[in-house]
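Chemist: I would like the atomic coordinates for the input below:
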Amino acid sequence: MKKILLLACVFASGILQAQNRNSYSGSIDLNNVVDDKLQVFVALPQTNQSEVEYHIPKIVPGTYSISDFGRFVTDFKAMDSEGSELELERLSDNKWLIKGADKLQKISYWVEDTYDTDKGNAIFEPGGTNIEDGKNFVINTFGFFGYIKGMKDLAYEVSITHPEGLYGGTSMIDSNDDPLIDTFTAPNYFDLADAPIMYSSPDTTTMMVGGAEILVQVYSPNDVMDSKFVMENVSEILVAQKDYLGGTLPIKKYAFLIYLLGGPSLSGGFGALEHSYSSMYSLPEVNPILLAQTVKDVAAHEFFHIITPLNIHSEEIGNFDFIDPKMSQHLWMYEGVTEYSAGHVQVKHGLMGLDNYLSVIEGKIAQSQTFDDSLPFTTLSKLCLDEHEDQYQNVYQKGALIGMALDIKLRKLSGGDYGIQDLMQELAKYYGKETSFKDDELFDKIVSLTYPELREFFDLYVAGPNPLPYKELFSEVGLEYIASGTKEQLTMGNIGLSLNGETDRVYVSNLDDVNEFGLEMGYQEGDEFLSFNGAEVTPLGFQQIVEDFRSGNAEGDKIKAVVMRTVNGKAKKVKLKAAAVMVSMDVENSIEINPNATEEQISLRKAWVGA
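Modeler: Numbers count the residues shown, from 1 in each chain. Predicted coordinates for the structure are as follows:
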């Protein structure tokens, strides 16, 4: 009873402050979970209108799908300063009409989480909410707090009371000295919605990169992975991204918030949602070794969103409509160039071999061809919520390839001196966080900053229906593109490979299609690789070892391996050897280094990828 009275006093104080400073003041008590729901209080700014609408988002930036967060709200009440309820009408899942609004002081309602709901279409977990009493709370703020129509530009303060032993990770700064109450302030609703918070047992690691504090927080219910492991795997990429962006990051703090699921997700997917100063992850709770490269790739992608849309965005994003959104035509840049940069930084800064990187590009070309390759990308972007919803995933395939093509074009036109990373930095300086560009003017701006030849590129391949000219593009940088055909390649033996989660070793899982080389090597099912061709085998480095073997050896070379094999119930090291064998393979969308490339082509490739 004392807690309730104290909360009422604190809440009343918040109301007066909100009225005086013309802002919002919201609160949640994480100790008070009822039927898997949390109660939300919001003290509202004063208004002279007789009626107002309170909105909770239908869609949020970065998701490109309808969520209808208001459908998780129940028992909505609006009250005056005396605590008397005001008349209201629910207009839709996400809108409430409050009457007598000139007397309106506060509202309250209960919110059910999205991770285990039965209320219709599942929400992709990184953009959802989670309520696990005493264990974990994923507070994507747009799932709990809303705004009065026409008043989303006012400041928003949120106070969260939490159990002892839970830590709230976020990119925002806690201004409250009370160890059990966190208070966060955002200059407007957009910035509040852009800042998720995750409460869990403290498992955090921080480091400084390019003048920014980087926070990693992990919630692993079975303690399978921790924040130190994540930081160890992303630190090199963060440093590379800092160098890629010119040496200094345009932020002061960034948070990686990682939630691991012990089983399948309700949405059926795993991944992350970007924010300007943080990213929220939902990943399977499996052996960390299996997640390491995924974490690297996804973290690299999400982190690059500090450039776009944070510092480069159209009016559709700068003044985002959470209820009736208008889509920009430039998903090729927001998601495509971001996805491209996440891989490009790794090869350019030596974190990924060229052969491995070309394999990534080959995969994206193949995946992009499963979508409508004649659909103009600007059209896909504008209509990705409805008519072309089924084409959206192509932004991570062809969108990234558009970024690659633009990068190669820029390198060619500038003699290698200027690439897409330079262009993005220049655009970020020109626009910045507070300035939006007009959607129809971006191509003109890029052409004015760079080369007139790019106008034709945009007209043909981004705003037009034409497939990207891969053969021509790769030829510029000394590579050969084979749409379909055959190629000669050293074989590993055509054996099945998998990972032993207990020993963290790559092993031979089957010999159903073993070939001549595999038979000569003498592989047996269950063999665990310790070394191959002189290199120690690790799960993360195995792909690079295979690429080095194929690029650094010729047919007939003596190849050696050491495996751990179980013999008569005991593990023993066994040495294997055989002469390398070349085999012919059917290929599609193959990219190979041209052995007859000119000095100019090689120089341009080095400027492009550093190799």
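
Chemist: can you give me the strands in the stretch 201-350 of the chain?
Modeler: Secondary structure of the stretch 201-350 of the chain, counting by DSSP state E, counting those that start in this stretch: strands at 204-209, 212-219, 253-261, 271-274, 278-284.

Chemist: how about those strands in a markdown table, adding mean neighbour count and distance to Gln421?
Modeler: Glycine gets a C-beta too; all of them are placed from N, C-alpha and C. As requested, the strands of the stretch 201-350 of the chain are exported to a markdown table (neighbours: other C-beta atoms under 10 Å; distance: least, C-beta to C-beta, whole Å):
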| stretch | mean neighbour count | distance to Gln421 |
| --- | --- | --- |
| strand 204-209 | 15 | 17 |
| strand 212-219 | 22 | 18 |
| strand 253-261 | 24 | 19 |
| strand 271-274 | 23 | 18 |
| strand 278-284 | 24 | 20 |
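
Chemist: Now tell me which helix or strand of the protein has the poorest mean pLDDT.
Modeler: Ranking every helix and strand in the chain by mean pLDDT, DSSP states H and E puts helix 2-21 at the bottom, with a mean of 39.

Chemist: how's this structure carved up into domains?
Modeler: 2-199, 203-304, 307-483+595-611, 492-580 (automatic domain parsing).

Chemist: helix, strand or coil for Ala78?
Modeler: With DSSP: H, G, I helix; E, B strand; the rest coil as the basis, Ala78 sits in strand.

Chemist: Let me see the confidence value for Phe542.
Modeler: On pLDDT, Phe542 comes in at 89.

Chemist: burial measure for it, as a count.
Modeler: 17 (other C-beta atoms under 10 Å).

Chemist: tally of neighbours for the residue lying closest to it once chain neighbours are set aside?
Modeler: Spatial nearest neighbour of Phe542, chain neighbours left out: Val506 (5.1 Å); criterion: C-beta to C-beta, 6 or more residues apart in numbering. By the criterion of other C-beta under 10 Å, Val506 has 23 neighbours.

Chemist: which residues touch Val506?
Modeler: 497-500, 528-529, 537, 539, 542 (C-beta atoms under 8 Å, 6 or more residues apart in numbering).

Chemist: From those residues, pick the one nearest Phe270.
Modeler: Within those, proximity to Phe270 (C-beta to C-beta) peaks at Leu499, which comes in at 18.0 Å.

Chemist: Using TSV, please lay out the domains of the chain together with distance to Glu588.
Modeler: Below are those laid out as TSV (distance: least, C-beta to C-beta, whole Å):
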stretch	distance to Glu588
domain 2-199	29
domain 203-304	23
domain 307-483+595-611	7
domain 492-580	18
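
Chemist: Can you tell me which of the ones you listed is nearest to Val587?
Modeler: Minimum separation from Val587 across the domains of the chain (C-beta to C-beta) falls at domain 307-483+595-611, 6.1 Å.

Chemist: what distance separates the start and the end of the closest one?
Modeler: End-to-end distance for domain 307-483+595-611, by C-alpha to C-alpha, to the nearest Å: 25 Å.

Chemist: do stretch 443-462 as well
Modeler: 10 Å.

Chemist: residues in contact with it?
Modeler: Contacts of stretch 443-462 (C-beta under 8 Å, 6+ apart): 332, 376-378, 402, 405-406, 409-410, 413-414, 418, 423, 426-427, 430, 437, 463, 466-469.

Chemist: before we move on, what about stretch 353-371?
Modeler: Contacts for stretch 353-371 (C-beta under 8 Å, 6+ apart): 343, 346-347, 352, 391, 393-394, 396-398, 400-401, 404, 470, 479, 543-544, 547-548, 550-551, 588-593, 609, 611.

Chemist: May I see the buried residues of it?
Modeler: 353-359, 361-362, 364-365, 367-369, 371 (16 or more other C-beta atoms under 10 Å).

Chemist: Of the residues you listed, which is the nearest to Phe270?
Modeler: Comparing those against Phe270 with C-beta to C-beta places Gln367 closest, at 17.4 Å.
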